[in-house]
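In: Predicted coordinates and the sequence they were generated for:
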Amino acid sequence: MKVVSLYRFLDLKDPQSFRDQLKALCDEQDLLGTMLVATEGFNGTLAGSEESIRKVMDWIRGRFGIAEELDARWTEADEAPFRRMRVKVKKEIVTLGRPDILPHKGTGEHVDAKRWNELISDPDVVVIDTRNHYEFEVGTFPGALDPGNDSFRQFPEFARKLAEQSTDRPLAMFCTGGIRCEKATALMLELGFNDVYHLQGGILNYLAEVDEADNKWDGECFVFDSRVAVDRDLAEGGYVQCHACRMPLSANDVQSPDYREGVSCPLCIADSDEDRRARLEERQKQMMLAAERGDTHIGRKT
């Protein structure tokens, strides 16, 4: 099964109408995934046959008069990484908390994988991982700064503090598929940085293009679907997800006595009270019973 992540910043006059048309087409093509739609554009991931995905992408290009191919990151999955097709209208297609920032009006300079390796090898360049802390822990580029965010909404505060220190050094910024960097680099330009670069197509595109000998990525890459993470070959990685707190778990985490499938893990046990654990125990029980019957319990939907 093919899995594609794609986004486009553009002026979208009627998000609800586009949402309805896109949802109908995705259902017609038997696709699964999640797409977000806003006045600033669209963003999401689709899973299904390559033919069906390309039909949707061609329709989008025709809908907006886009001459070139849509920028997309393609990966593979043995099983469907989504359980249904969702298309939602939002204020932002990636939530920075700054809907006034419009990357299609101005953003950082895109760089390809070869130039990226040169940039992050330069000691004068500040390399910034714009993703959340739990994603950073799964894998990142050597020497990258971790903003320490639990959500992308917190990134502007990190950016403001960095700008207060100095705006003279060049910045090299990256994220999973490129979309968060579109907004993050636009914010950095607003804050007074002049030399702002970001990795074209994000980590996923880098892993697809760079040979093993030149690959500087360290670890796995967190993805927002049931695969949890992919390795340097873009195959499903070695992480699982805690269904209580949604955090990625390593093999060592799963071996912890604090890990109980669907109930708790070492990362959330301290914040989980007895009543919550009892509710999660019951949910896990119902999910296991549903699996034995060959059904999908609602608690498993993503």
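Out: Done, it's in. Residues are numbered from 1 along each chain as shown.
In: Distance-wise, check Lys90 relative to Arg153.
Out: 13 Å (C-beta to C-beta, to the nearest Å). From N, CA and C alone the C-beta is placed, and that goes for glycine too.
In: With Lys216 instead?
Out: Lys216 is 29 Å from Arg153, by C-beta to C-beta.
In: out of Lys90 and Arg153, which sits in the more crowded spot?
Out: Lys90 (17 against 13; other C-beta atoms under 10 Å).
In: How confident is the prediction for that one, by pLDDT?
Out: On pLDDT, Lys90 comes in at 95.
In: repeat for Ala38
Out: 96.
In: Same check on Val138?
Out: 92.
In: Please look at it and Phe222 and confirm they touch.
Out: Yes. In terms of C-beta atoms under 8 Å, Val138 counts as a neighbour of Phe222; the distance is 4.6 Å.
In: what sits in contact with each of those two?
Out: 229, 239, 248 (C-beta atoms under 8 Å, 6 or more residues apart in numbering).
In: now, which of these lie within helices?
Out: Among the shared contacts of Val138 and Phe222, no residue falls in helices (DSSP state H).
In: mind listing which of the residues you listed are in strands?
Out: 229, 248 (DSSP state E).
In: low pLDDT regions in the stretch 201-302 of the chain?
Out: The stretch 201-302 of the chain contains residues with pLDDT under 70 at 226, 284, 287-302.
In: At which residues are the strands of it located?
Out: 218-219, 221-222, 229-230, 240-241, 248-249 (DSSP state E, counting those that start in this stretch).
In: who does the second one pair up with?
Out: Sheet pairing here is set by DSSP bridges, and for strand 221-222 it gives strand 229-230 (antiparallel).
In: Quick check: Tyr182 is in a strand.
Out: Quick fix: residue 182 is Glu, not Tyr. No. Glu182 is assigned helix when assessed by DSSP: H, G, I helix; E, B strand; the rest coil, not a strand.
In: Dump the strands of the stretch 201-302 of the chain into TSV; add mean neighbour count and distance to Cys181 as well.
Out: What follows is the strands of the stretch 201-302 of the chain, written out as TSV (neighbours: other C-beta atoms under 10 Å; distance: least, C-beta to C-beta, whole Å):
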stretch	mean neighbour count	distance to Cys181
strand 218-219	14	19
strand 221-222	24	14
strand 229-230	23	19
strand 240-241	18	24
strand 248-249	22	21
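In: Which one of those lies nearest to Gln29?
Out: Within the strands of the stretch 201-302 of the chain, the stretch nearest Gln29 is strand 229-230; the backing value is 23.9 Å (C-beta to C-beta).
In: How far off centre is stretch 30-46?
Out: 12 Å (C-alpha atoms, centre = their mean, to the nearest Å).
In: And that stretch, end to end?
Out: Taking C-alpha to C-alpha, to the nearest Å, stretch 30-46 runs 10 Å from one end to the other.
In: same question, stretch 72-82
Out: 18 Å.
In: what does stretch 212-227 give?
Out: 22 Å.
In: now what about that stretch, what contacts it?
Out: 3, 45, 47, 75, 77, 79-82, 117, 120, 131, 134-135, 138-142, 176, 203-204, 206-207, 210, 228-232, 236-239, 241, 248, 302.
In: nearest to Arg279, of the strands of the stretch 201-302 of the chain?
Out: Among those, if distance is taken as C-beta to C-beta, the winner is strand 240-241, at 18.4 Å.
In: Take the contacts of stretch 212-227 and keep only those in helices.
Out: Going by DSSP H, the helices hold 117, 120, 134-135, 138, 203-204, 206-207 from these.
In: Now tabulate the residues you listed in CSV and tack on distance to Ile60 and neighbour count.
Out: What follows is the ones in helices among the contacts of stretch 212-227, written out as CSV (distance: C-beta to C-beta, whole Å; neighbours: other C-beta atoms under 10 Å):
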residue, distance to Ile60, neighbour count
Asn117, 32, 16
Ile120, 33, 20
Tyr134, 31, 15
Glu135, 27, 22
Val138, 30, 22
Ile203, 23, 26
Leu204, 19, 23
Tyr206, 24, 24
Leu207, 25, 22
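In: quick one, what contacts Met69?
Out: Just to correct that, residue 69 is Glu rather than Met. Per C-beta under 8 Å, 6+ apart, neighbours of Glu69: 57, 61.
In: quick one: it from Leu12, how far?
Out: From Glu69 to Leu12 the distance is 19 Å (C-beta to C-beta).
In: Please apply the same query to Ala208.
Out: Ala208 is 28 Å from Leu12, by C-beta to C-beta.
In: do Gly219 as well
Out: 36 Å.
In: Likewise for Lys55?
Out: From Lys55 to Leu12 the distance is 20 Å (C-beta to C-beta).
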